[in-house]
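Colleague: Next come a sequence and a model predicted from it.
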Amino acid sequence: MSTEATVSAPTEDRHPGTTGIDGLSTLEVLRVLNAEDATVPAAVAHVLPSLAALVDAAVVAVEGGGTIHYVGAGTSGRLAVLDAAELLPTFNAPPGLVVAHHAGGPEALLRAVENVEDDGLRGRADLESVAPDDVVIGLTASGRTPYVEGALALARERGAVTALITSNPHAELAHLADHVLAVDTGPEVITGSTRLKAGTAQKLVLNSFSTAVMVRLGRTWSNLMVDVVATNAKLRGRVVRILREASGASEDDARRALEAADGELKPALVTLLSGATAAEARTAITAHSGSVARALASLGTSAAAPEPIAPTASSPEARPVAIIVPTGDPA
């Protein structure tokens, strides 16, 4: 394992433009933070080709039965846990498809646990189940966290695809990654506080990665969440609206199709778009790994999603919104 580096990571350098931040007004502090935050999307844009290659590798791995592993400590680990947790309600991703490993475990989610990020052996132990057809993504703003190093080293030994998401263009762990996504966010507004720009960059990259993987795996139809899990009244209403948006059907027809499909959105959607029975729709979907588009093609239908349904006067989208434009700074 690597030892403590003598050269600091860019995220730990002192920002020359924010040395007087403690003397600013509240609004001025917020403007400084906002201005720095605004630089992050452009920095992320520079790594999109590398991110695309990682997405493609992950799709191949998942289709082959592999698992995607996120590995991180501190803020990086917490963001990884958040992204993995949200895939179930959003895309109905199977449990275990994306697994987040956070140094220190659940206890470290709510408070700092000393020394866990420096334990490379723990990183190896936590990834003991990694197989050759998996993908292991290490997240470390500094690019040198020993816990992540241990996990990536084991993954390389096992033959898994490896990736590194970092804010250090000269990350020490880059040699352990097949895919290096170095988002150069520079020094933080508050020196070393990587929950700021570096954390925002990691969240953007993870959101984009997991969303693109789900899209490529057929868990959307057009731009609609057709694998959403209806676990409450709001989501049950959303399922009906998704069916209407995707097919142009009336609310009554959408509800009937959903009932015939035993409450499953995808078979109901394929039924509405192709005219197949719910059983035929379910068979086609299963035969094509859950992809609505491929299921429709197999049934001789090439339906495109219709234009979005216009909001009604009673819908939230139709309510007037007051836009307040400031005319000057408060005194």
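Modeller: Nice, thanks for sending it over.
Colleague: Now do the strands in the stretch 201-331 of the chain.
Modeller: For the stretch 201-331 of the chain, applying DSSP state E, counting those that start in this stretch gives no strands.
Colleague: no no, the stretch 51-200 of the chain
Modeller: 68-72, 98-102, 135-139, 161-166, 179-182.
Colleague: wait, which of those is closest to Leu243?
Modeller: strand 98-102 (26.7 Å; Cβ to Cβ). Using the backbone N, CA and C atoms, a C-beta is placed for each residue, glycine as well.
Colleague: Note down every partner strand of that closest one and its orientation.
Modeller: Here strand 98-102 has these sheet partners by DSSP bridges: strand 68-72 (parallel).
Colleague: by how many degrees do the strand it pairs with and strand 161-166 diverge?
Modeller: 40 degrees (axes from the mean of the first three to the mean of the last three Cα atoms, to 10 degrees).
Colleague: for strand 68-72, the distance to its chain's centre please.
Modeller: Strand 68-72 has its average C-alpha position 12 Å from the chain's average C-alpha position, going by Cα atoms, centre = their mean, to the nearest Å.
Colleague: With only the CA atoms kept, save it in CSV.
Modeller: C-alpha atoms of strand 68-72 as CSV (Å, rounded to 0.1, in the frame of the first residue of the first chain):
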residue,chain,number,x,y,z
ILE,A,68,-21.1,-3.0,-10.0
HIS,A,69,-19.2,-2.1,-6.9
TYR,A,70,-18.8,1.5,-5.6
VAL,A,71,-15.9,1.9,-3.1
GLY,A,72,-15.2,5.1,-1.1
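Colleague: which non-adjacent residue is nearest Val205?
Modeller: Ile165 (5.4 Å; Cβ to Cβ, 6 or more residues apart in numbering).
Colleague: what's the closest non-adjacent residue to the residue most central in space within the chain?
Modeller: By Cα atoms, centre = their mean, the chain has its centre lying nearest to Asn207, at 2.5 Å. Closest residue in space to Asn207, ignoring its immediate chain neighbours: Asp83 at 6.6 Å, by Cβ to Cβ, 6+ apart.
Colleague: ok, the one you found - contacts?
Modeller: Listed by Cβ atoms under 8 Å, 6 or more residues apart in numbering, the contact set of Asp83 reads 70, 98, 100, 203, 206-207, 210.
Colleague: Tell me where the model's unsure across the stretch 151-300 of the chain.
Modeller: For the stretch 151-300 of the chain, the stretches with pLDDT under 70 are 229-231.
Colleague: again, but for the stretch 1-150 of the chain
Modeller: Short version for the stretch 1-150 of the chain, where the test is pLDDT under 70: 1-7.
Colleague: Mind doing that once more with 50?
Modeller: 1-5 (pLDDT under 50).
Colleague: can you tell me how far Thr286 sits from Gly65?
Modeller: 16 Å (Cβ to Cβ, to the nearest Å).
Colleague: wait, Val180
Modeller: 26 Å.
Colleague: Tell me who's in contact with Gly66.
Modeller: 131, 133-135, 160.
Colleague: can you check Leu173 too?
Modeller: Leu173 touches 2, 138, 140, 143-145, 148-149, 152, 164, 166, counting by Cβ under 8 Å, 6+ apart.
Colleague: Likewise for Leu51?
Modeller: 181, 205, 208-209, 212.
Colleague: got it, and Asp118?
Modeller: Per Cβ under 8 Å, 6+ apart, neighbours of Asp118: 145-147.
Colleague: Could you report the neighbour count for Ser142?
Modeller: Ser142: 23 surrounding residues under other Cβ atoms under 10 Å.
Colleague: Kindly report the same for Gly192.
Modeller: Gly192 - counted by other Cβ under 10 Å - has 16 other residues nearby.
Colleague: So which of the contacts of Leu51 sit within helices?
Modeller: Those of the contacts of Leu51 mapping onto helices are 205, 208-209, 212, per DSSP state H.
Colleague: related to what we said a few turns ago, as JSON lines, the contacts of Asp118 with distance to Val113 and neighbour count would be great.
Modeller: As requested, those are exported to JSON lines (distance: Cβ to Cβ, whole Å; neighbours: other Cβ atoms under 10 Å):
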{"residue": "Thr145", "distance to Val113": "14", "neighbour count": "30"}
{"residue": "Pro146", "distance to Val113": "14", "neighbour count": "24"}
{"residue": "Tyr147", "distance to Val113": "11", "neighbour count": "31"}
